[in-house]
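Peer 1: Starting from these lines, generate the structure:
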Amino acid sequence: MAMPFRLRFVVFCTTLALLLDARPVGAQEQPIVLKASTVLDGRGKTLHNTIVVVEGGKIARVGGSAPKGVVTYDLTQLTVLPGWIDAHVHPTWHFDASGRLAGENEPKEQTALAGAANSWKMLAAGFTTVQSLGSPLDKDLRDAIDR
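Peer 2: Numbers count the residues shown, from 1 in each chain. Purely as a prediction, here's the structure:
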């Protein structure tokens with residue numbers, strides 16, 4: 001039985017995020033090649049049977065031939081697309097154990113844990129850029145993610 005699209009997409013986003021960040025400190029950067037049957041290029045075009053070359057955690061190019069001797073990931077069963085953007089999020093907002101919106105009386109540690117979990121869920125869903133609005137804790141969460 002084939003994986004549902006949403007699950008495949010989440011697996012892809014999570015895998016890509018881990019691949020792009022799983023670099024030993026001080027190690028020689030080696031390109032990564034993503035082989036894809038469908039790529040949405042972020043500029044309105046749909047590309048077929050192409051590659052995406054990632055160098056130093058950034059997309060170096062789309063298309064052409066793969067450099068020799070690099071690690072290649074076969075993503076031909078998935079659709080590759082740019083990270084999504086959400087311009088209005090509240091990552092520290094969440095429901096408490098009683099199913100109600102957590103309030104100001106909740107311990108800040110619990111709010112911070114929920115914010116971290118919500119941020120991971122956004123990344124796993126494909127959102128690579130978000131604008132956080134509202135809570136002063138959002139700044140601390142942002143700074144922790146940057147570190």
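
Peer 1: Please make it C-alpha for all contacts and neighbour counts, starting now.
Peer 2: Noted.

Peer 1: domain assignment for this structure?
Peer 2: The chain breaks down into these domains under the TED database: 32-82, 85-146.

Peer 1: which of these has the lowest average pLDDT?
Peer 2: Looking at the domains of the chain, the lowest mean pLDDT belongs to domain 85-146 (a mean of 89).

Peer 1: Over to the residue nearest the centre of the chain: give its phi and psi.
Peer 2: Against the mean C-alpha coordinate of the chain, by CA atoms, centre = their mean, the closest residue is Leu123 at 3.9 Å. With angles defined as degrees, to the nearest 10, Leu123 sits at phi -60, psi -40.

Peer 1: partners of Asp86 in the sheet?
Peer 2: Val130 (DSSP bridges).

Peer 1: That one: what's it in contact with?
Peer 2: Contact analysis of Asp86 by CA atoms under 8 Å, 6 or more residues apart in numbering lists 127, 129-131.

Peer 1: same check, this time on Val52
Peer 2: With CA under 8 Å, 6+ apart, Val52 has these contacts: 33-36, 59-63.

Peer 1: can you do 7 Å?
Peer 2: 33-35, 59, 61-63 (CA atoms under 7 Å, 6 or more residues apart in numbering).

Peer 1: The residues you listed into JSON lines, with extra columns for distance to Thr111 and secondary structure?
Peer 2: JSON lines is the format used below for the contacts of Val52 (distance: CA to CA, whole Å; DSSP: H, G, I helix; E, B strand; the rest coil):
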{"residue": "Val33", "distance to Thr111": "38", "secondary structure": "strand"}
{"residue": "Leu34", "distance to Thr111": "37", "secondary structure": "strand"}
{"residue": "Lys35", "distance to Thr111": "40", "secondary structure": "strand"}
{"residue": "Ile59", "distance to Thr111": "34", "secondary structure": "strand"}
{"residue": "Arg61", "distance to Thr111": "40", "secondary structure": "strand"}
{"residue": "Val62", "distance to Thr111": "40", "secondary structure": "strand"}
{"residue": "Gly63", "distance to Thr111": "43", "secondary structure": "coil"}
